[in-house]
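**Student:** need coordinates for the below:
(chains A and B)
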Amino acid sequence: MRDYLCASVNSAMVGNRLSVCGWVAKRREHGEHLAFLDLRDRSGVLQAVVEGSVEVRPEFVVRVTGTVTPRPEGTVNDRLATGEVELTDCRVEVLAIAESPPFQLDDRVDIDEQVRLRYRYLDLRRENMQANLRLRAKVNATLRAAMDEQGFCEVETPLLWAPTPEGAREFVVPSRLHPGEFYVLPQSPQIAKQLLMVGGFDRYYQIARCLRDEDLRADRQFEFTQLDLEASFVTQDDVLGFVSRAVLDAAQAATGVRPGPVPSMTWAEALDRYGTDKPDLRFGMVLQDLSSAFAATEVKAFGASTVKAMRVPGGASFTRSRLDQLTDHAKELGAKGLAWFKITPDGLDSPLARFLSASETAAVRGVDEAEVGDIIFCVADEYAPACKVLGTLRVALGSPPVGEGPHHYVWVTEFPMFEGIDEEGHLMAAHHPFTMPHPEDLELIETDPLRVRSQAYDLVLNGWELGSGSVRIHRADIQSRIFSALGITDEEAESRFGFLLGAFKYGAPPHAGFAFGIDRLVAIFAGVENIREVIAYPKTQSGADLMTGAPKAIGERQLRELRIKIPPKG
RNA sequence: GGACCUGUGGUGCAGCUCGGAGUGCACGCCGCCCUGUCAAGGCGGAGGUCGCGGGUUCAAAUCCCGUCAGGUCCGCCA
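**Tutor:** Coordinates of the predicted model:
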């Protein structure tokens, strides 16, 4: 039906008579003798010259047959890839007529996302969405190739799975053949892939859809896509190597530049220097520790175990109301307050300045090689909250837009095994209960569990958590000690994960794995703030699909088949 | 569950503080004119329950309350 894509027509084809197909992007009529049609397909735009008027309107689907001709002198359009040529002596066949679209597709104005999502099929015709989804396809293809080349076998795992009440809230699917019983959609193929290891597939991967019934965010949809992988007889470093290879290949394919090797830092270091477990390394403003300088302070506001400080270059120009805002922000984050010191030629400018001793003043003045015109923020609190509050302010004040700056990948390793305590007084797993503790910390499980490091690791890119993984427990004795630390009884473990524990009795190889979010990776490659921009049919923040109207009520008959009763509201 | 922002012809905005006739801008749409445009140009035209409901008022797009939808965030996301 067509010979070429619009944008592939070039001056080497001059004289050829050929056909292209696409949508009418624009019609420019010059009376009854001459008209120009901009024809658009996925590749771009090509101008067709029509003698006489033409009965087409924007978004009509047409096939245009014409002769490739150099544009007359002075009419070349260098803003168009095909701007040196045009199709002349054209025959225009209308393949489909079209109503005027509800919004303009030419990127001249930003369209409300509500409208874009209601008419997503039109939105997808736009250049940005075409580029984003094609970028995503290229990333997927590159990841598959990288995994294949590293000897991984792609295996599909079920979408209808058994409930394992732990972690994220699951989407529930009622069973028709077993009324009153339910499948769940997997929040990740975690257990399935560990069972593949028991099954002898020693290198598995999958581009897997994961589903979590949790509230949505700019970087979170109900359903998202991960490159999921697991390997047997490997160390943590092997896994980091597999993933690095795949991600760097994808980065090269997407951006044309291969990043250098991915550095790593421990979780403790990330918290200490960046106040978060997902540090954005595109900019400085590294947290400093002033605890020892304030150890014997007279200043009440600094009477805490930890004093953390951060220098904001140029921050001395912050107005008082801006500083009040930031202080409120810090308090919302749980800080008792936020101290600030502007660096001026005359010394420190701050409500607290006159209470500081000479050595304390010197310590503040010396933070991070501060210069006149900077501001130093300090938070005094317990260690972790002090770090986290400043870490949040650091991102709020310093983080460049997603599309800006280089791509800084970093591995964050040695996450703690447990974090905090639940309502019933049990420890909570930081990653998941099958994570292998750090070998040096095994003895602490019973004595000082919160200090136990795990062999869990995250991959972070520009402050976004791309994914996480761990070395898994394959020994029953360690697994049972972890369950017991988590307050999971043998009976509970049996009912929740029995099939996994049962499988492990028959010879489980040591194994480790990882999974990272392709939506987020592609969003950063595309330079967009929101993963909806790299998903064909995303949902709104309230989980609605504005195009289909989902979620919707279902009919009485379907409900009866499933033996589901909807109680009246109220 | 909570905080904040947004909602005005098909689209994007302004108008809202400080109430006074649906007022304005740009794009699109329709008609006419135009033989080299490409954000084409010129002339004319159509198109509105100001998200929805209630309240205050002589009078509400504008003020108040509620509600719905979209967004950003907190909680949540082992």
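**Student:** isn't A:R481 up against A:L444?
**Tutor:** No: the pair A:R481 and A:L444 does not pass the contact test of Cβ atoms under 8 Å, sitting 11.0 Å apart. All C-beta spots, glycine's among them, are computed from the backbone N, C-alpha and C.
**Student:** could you give me the buried positions within the helix or strand that contains A:S480?
**Tutor:** Here A:S480 sits within helix A:476-485, counting by DSSP states H and E. By neighbour count with 16 or more other Cβ atoms under 10 Å, helix A:476-485 contains the buried residues A:Q479, A:R481, A:I482, A:F483, A:A485.
**Student:** mind checking how far the lengthiest strand in chain A is from the chain centre?
**Tutor:** What stands out as the longest strand in chain A, according to DSSP state E, is strand A:17-30. Mean C-alpha position of strand A:17-30 versus that of the full chain (Cα atoms, centre = their mean, to the nearest Å) differs by 38 Å.
**Student:** what about it, near RNA strand B?
**Tutor:** Yes: using Cβ under 7 Å from any atom of the strand, a contact is recorded between strand A:17-30 and RNA strand B, made by A:K26, A:R28, A:E29, A:H30.
**Student:** which of these are buried?
**Tutor:** Here, 16+ other Cβ under 10 Å leaves nothing buried among those.
**Student:** is it correct that A:M285 falls within a helix?
**Tutor:** No: assessed by DSSP: H, G, I helix; E, B strand; the rest coil, A:M285 does not belong to a helix; its assignment is coil.
**Student:** average pLDDT for the helix holding A:S480, rounded please.
**Tutor:** Taken as a whole, helix A:476-485 has an average pLDDT of 92.
**Student:** does anything pack onto that helix? Which helices or strands?
**Tutor:** Under the contact definition 3 or more Cβ pairs under 8 Å, 6 or more residues apart in numbering; DSSP states H and E, helix A:476-485 sits against helix A:444-447, helix A:490-504.
**Student:** now that helix, how far from the chain's geometric center?
**Tutor:** Computed by Cα atoms, centre = their mean, the separation of helix A:476-485 from the middle of its chain amounts to 33 Å.
**Student:** show me what that helix is in contact with.
**Tutor:** By Cβ atoms under 8 Å, 6 or more residues apart in numbering, the residues outside helix A:476-485 that reach it are A:417-418, A:427, A:429, A:433-437, A:442, A:445-446, A:449, A:473, A:489-490, A:492-493, A:501, A:504-505.
**Student:** cool, stretch A:318-330 as well?
**Tutor:** Residues external to stretch A:318-330 that are found in contact with it (Cβ under 8 Å, 6+ apart): A:G337, A:L338, A:W340, A:K342, A:I375, A:F377, A:V379, A:V389, A:T392, A:L393, A:A396, A:L397.
**Student:** ok, and does that stretch reach over to RNA strand B?
**Tutor:** No: under the criterion of Cβ under 7 Å from any atom of the strand, stretch A:318-330 makes no contact with RNA strand B; the nearest approach is 9.6 Å.
**Student:** from what I can see A:V379 touches A:A335, true?
**Tutor:** Yes: taking Cβ under 8 Å as the definition, A:V379 is a contact partner of A:A335 at 5.2 Å.
**Student:** now the common contact residues for those two.
**Tutor:** The overlap between the contact sets of A:V379 and A:A335 (Cβ under 8 Å, 6+ apart) consists of A:P385, A:A386, A:V389.
**Student:** pipe those residues into CSV and attach neighbour count and secondary structure per row.
**Tutor:** Below are these laid out as CSV (neighbours: other Cβ atoms under 10 Å; DSSP: H, G, I helix; E, B strand; the rest coil):
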residue, neighbour count, secondary structure
A:P385, 18, helix
A:A386, 26, helix
A:V389, 25, helix
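**Student:** these also near RNA strand B: which ones?
**Tutor:** The subset of these lying close to RNA strand B, counting by Cβ under 7 Å from any atom of the strand, is empty.
**Student:** go through those residues and name the one nearest A:E230.
**Tutor:** If you rank those by distance to A:E230 using Cβ to Cβ, A:P385 comes first, at 35.4 Å.
**Student:** got a list of what the closest residue to that closest one other than its chain neighbours touches?
**Tutor:** What sits nearest to A:P385 in space, not counting adjacent residues and going by Cβ to Cβ, 6 or more residues apart in numbering, is A:G334, at 5.7 Å. When contacts are counted by Cβ under 8 Å, 6+ apart, A:G334 touches A:P385, A:K388, A:V389.
**Student:** what does the stretch 51-200 of chain A have sitting close to RNA strand B?
**Tutor:** For the stretch 51-200 of chain A, the residues in contact with RNA strand B under the definition Cβ under 7 Å from any atom of the strand are A:57-58, A:71-72, A:74-77, A:79-80, A:83, A:86, A:88, A:100, A:102-104, A:108-115, A:166-169, A:187-188, A:190-191.
**Student:** filter the residues you listed down to just the ones in helices.
**Tutor:** Filtering those for membership in helices, criterion DSSP state H, returns A:E113, A:Q114, A:V115, A:Q190, A:I191.
**Student:** any idea of the pLDDT on the second one?
**Tutor:** Per-residue confidence for A:Q114 comes out at a pLDDT of 95.
**Student:** what number of residues are in the vicinity of it?
**Tutor:** Close neighbours of A:Q114, defined as other Cβ atoms under 10 Å, add up to 9.
**Student:** ok, and the closest non-adjacent residue to it?
**Tutor:** A:L546 (6.5 Å).
**Student:** I'd guessed the one you found sits against A:T540; true?
**Tutor:** Yes: when contacts are counted by Cβ under 8 Å, A:L546 is listed as touching A:T540 (6.3 Å).
**Student:** anything in contact with each of the two?
**Tutor:** Contacts common to A:L546 and A:T540, judged by Cβ under 8 Å, 6+ apart, are A:Q114, A:L117.
**Student:** looking at those two, which one has more neighbours?
**Tutor:** When A:L546 is set against A:T540 and neighbours are counted by other Cβ under 10 Å, the residue ahead is A:L546, at 18 against 14.
**Student:** ok, how many other residues are close to the closest residue to A:G403 other than its chain neighbours?
**Tutor:** The shortest distance from A:G403 to any residue other than its chain neighbours is 3.0 Å, reached at A:G527 (Cβ to Cβ, 6+ apart). By other Cβ under 10 Å, the residues close to A:G527 number 12.
**Student:** ok so, going back, among the contacts of stretch A:318-330, list the two that are farthest apart in space.
**Tutor:** Taking every pair in the contacts of stretch A:318-330 and measuring Cβ to Cβ, the maximum separation is 21.0 Å, between A:K342 and A:T392.
**Student:** any idea how far the residue of the stretch 301-450 of chain A found nearest RNA strand B lies from A:F497?
**Tutor:** Sorted by distance to RNA strand B under Cβ to the nearest atom of the strand, the residues of the stretch 301-450 of chain A start with A:H432, at 3.5 Å. Distance from A:H432 to A:F497, counting by Cβ to Cβ, to the nearest Å: 10 Å.
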